[in-house]
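**Q** Sequence isn't available, so here's the structure alone:
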């Protein structure tokens, strides 16, 4: 049996370029005692991966050239040398960017997938790490109230589009910042956003002033950079800034400037808080149940952009950074 | 009757210089209906005043040239045309930088001072806005636990020295950052700080690495600038950064850079929160009672630096910025 694997070839500088990642085809050897073998069905593609390949975070194991890229995925157990897992069981976790994953469940946190008829792919998106990221950012930090003004950047992205929908369900006025008119239309017509600012064709500051005349109660930040600073200067008293991502800076080769308007947090008695979705592992189960209830009732809308084959992962990852994707990006193996 | 008043003469650029503020001697006219006349005893001198004179904040009324400087003070009612106040009563509030204050209590929030034998001056310091600032920063944002590592900048200042003592009472390891060996000695020997870094003669980064080998759980920021950034890069998981002041930047003529390491808040699931002590006006009374209990038991130490005469206020204010003060700076009228 052969396994297609995406490995780190050299540490990228700036945007991922040809040759930073490499496709390897490896023989699958004998399964070690205590391990399970998983046939990966879908791989989740997310901006944080850019940080994992340069070891910029400390919540994922460090990668050296030749190592398989970290990647959350869903797959089926096809062989088990671990008493806790049986063949046919579906699991979710850091299975790596590959077709066949040999996993030691004592070392790698795995969750059991939801039973049929819940589709596999949604368990990496809306009802997976992506949806959970939006959910915990909203419930633990943003804590929205009816009538508050909510702004989200990268609004058409996987996390942003769920965060905006959760804000809408909480009764907020929902303003998105996105990168194309097509995204704006999707967000306002299908997801119920009150307004979306096209950051390429519109003046973000002037539009925010129009759309949020009393300021911003919640800013859900997926981008960092200038847009974070712009929103900081428009906070209302008691505002919350959810630091979720900084896609504007992930590819930076020099250290980006910090948010010069941070002191608005003092004048507005506001908070800015970061989080890692894995902080809330113990609460994943009820959160997923809540998300699926809303989804099944048609109150949350899921959208996926599917790439095919492990070898498509570098392109899928770049799609996150060039602004071409809408919704959750996945690779089907 | 004459009144000495410090007024804004021209909006300062950079550090306060001669001629930005002016001393005026004015006749005290007839007291208007609904007003009370207060003989000011002490004026509280605080870094935030630098922002009030350039209208950089939105929680204090705007100042135009010729207006009396905002200043919290304590004084005795010497005449009353308001049913709620009687002659001889002692009050605290924004009485302005002057000897005699005519106040409309419907427009200016006043508190009744604590009865004898509590000294007047401590009601502007440890048991006043200063101590309350430290208290609410600690109880509402820092929420210290036994055994946590606490770092405070401008540690020998009025707020910093109380915040550090509160952290010590909560069972934290307390590290101060201050500007002289004399301050370091006072903080460690008299206030019980575990260690103090002299930011002029020591390498702050290297010393923090030595003193906080597992990182910082709470950083109480009074300065902003490089020290904020240095502490952000050393946060532990779940850390809290209390944004209390930014004295390093108050005199800046160009917009200072933001904290480039802000994204550590994401990787460490940490929060950074600002506040204005007036947010907690409703809780001042029990907080002051708690502080006085600790003070009377000898568990909190108060230190004052007293200037004499309203005309000394500009020098007193500059003492906050040139690092020459230790403890609470006051003007006795």
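**A** Received, thanks. Everything quoted here is computed from the prediction, not taken from an experiment.
**Q** Dihedrals phi and psi, the residue of the stretch 1-150 of chain A found nearest chain B?
**A** Closest approach between the stretch 1-150 of chain A and chain B, counting by CB to the nearest CB: residue A:57, at 5.4 Å. For the C-beta atoms, the positions are set from N, CA and C on the backbone; glycine is no exception. Main-chain torsions, residue A:57, degrees, to the nearest 10: phi -110, psi 160.
**Q** can you pull out the helices in chain A?
**A** For chain A, the helices defined by DSSP state H occupy A:48-53, A:129-136, A:158-169, A:181-185, A:204-211, A:225-232, A:264-267, A:284-296, A:313-321.
**Q** Which residues of the stretch 101-250 of chain A lie near chain B?
**A** With CB under 8 Å from any CB of the partner chain as the criterion, the stretch 101-250 of chain A meets chain B at residues A:141, A:224, A:229, A:243-246, A:249.
**Q** if we go to 7 Å?
**A** Near chain B, the residues belonging to the stretch 101-250 of chain A are A:224, A:243, A:246 when assessed by CB under 7 Å from any CB of the partner chain.
**Q** picking that back up, what is the neighbour count of the residue of the stretch 1-150 of chain A closest to chain B?
**A** The local packing count at residue A:57 equals 15, with neighbours defined by other CB atoms under 10 Å in any protein chain shown.
**Q** is it true that it touches residue B:268?
**A** No: taking CB atoms under 7 Å as the definition, residue A:57 is not a contact partner of residue B:268, at 10.1 Å.
**Q** The helices of chain A: which one's closest to residue B:97?
**A** Comparing the helices of chain A by their distance to residue B:97 (CB to CB), the top pick is helix A:264-267, with 21.7 Å.
**Q** For the closest one, give me every contacting residue.
**A** Taking contacts as CB atoms under 7 Å, 6 or more residues apart in numbering or on different chains, the residues outside helix A:264-267 that touch it are A:232-233, A:235, A:270-272, B:57-59, B:243, B:272-274.
**Q** Let's test this: mean pLDDT of that helix, rounded?
**A** Average pLDDT, helix A:264-267: 94.
**Q** ok, residue A:34 to residue A:95 distance?
**A** With distances taken as CB to CB, to the nearest Å, residue A:34 is found 17 Å from residue A:95.
**Q** Compare neighbour counts for the two and give me the winner.
**A** For residue A:34 versus residue A:95, neighbours defined as other CB under 10 Å are more numerous around residue A:95 (29 against 14).
**Q** Would you quantify the distance from the more buried one to residue A:56?
**A** Counting by CB to CB, the gap between residue A:95 and residue A:56 amounts to 21 Å.
**Q** ok, back up a step: in CSV: the helices of chain A, plus mean neighbour count.
**A** Below are the helices of chain A laid out as CSV (neighbours: other CB atoms under 10 Å in any protein chain shown):
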stretch, mean neighbour count
helix A:48-53, 20
helix A:129-136, 26
helix A:158-169, 27
helix A:181-185, 17
helix A:204-211, 15
helix A:225-232, 21
helix A:264-267, 22
helix A:284-296, 15
helix A:313-321, 20
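**Q** Ok, which of those comes nearest residue B:23?
**A** Checking those against residue B:23 by CB to CB gives helix A:264-267 as the closest, at 29.4 Å.
**Q** Put together JSON lines for the helices of chain A, with distance to residue B:28 on each row.
**A** Putting these into JSON lines (distance: least, CB to CB, whole Å) gives the following:
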{"stretch": "helix A:48-53", "distance to residue B:28": "65"}
{"stretch": "helix A:129-136", "distance to residue B:28": "60"}
{"stretch": "helix A:158-169", "distance to residue B:28": "55"}
{"stretch": "helix A:181-185", "distance to residue B:28": "62"}
{"stretch": "helix A:204-211", "distance to residue B:28": "45"}
{"stretch": "helix A:225-232", "distance to residue B:28": "44"}
{"stretch": "helix A:264-267", "distance to residue B:28": "34"}
{"stretch": "helix A:284-296", "distance to residue B:28": "65"}
{"stretch": "helix A:313-321", "distance to residue B:28": "68"}
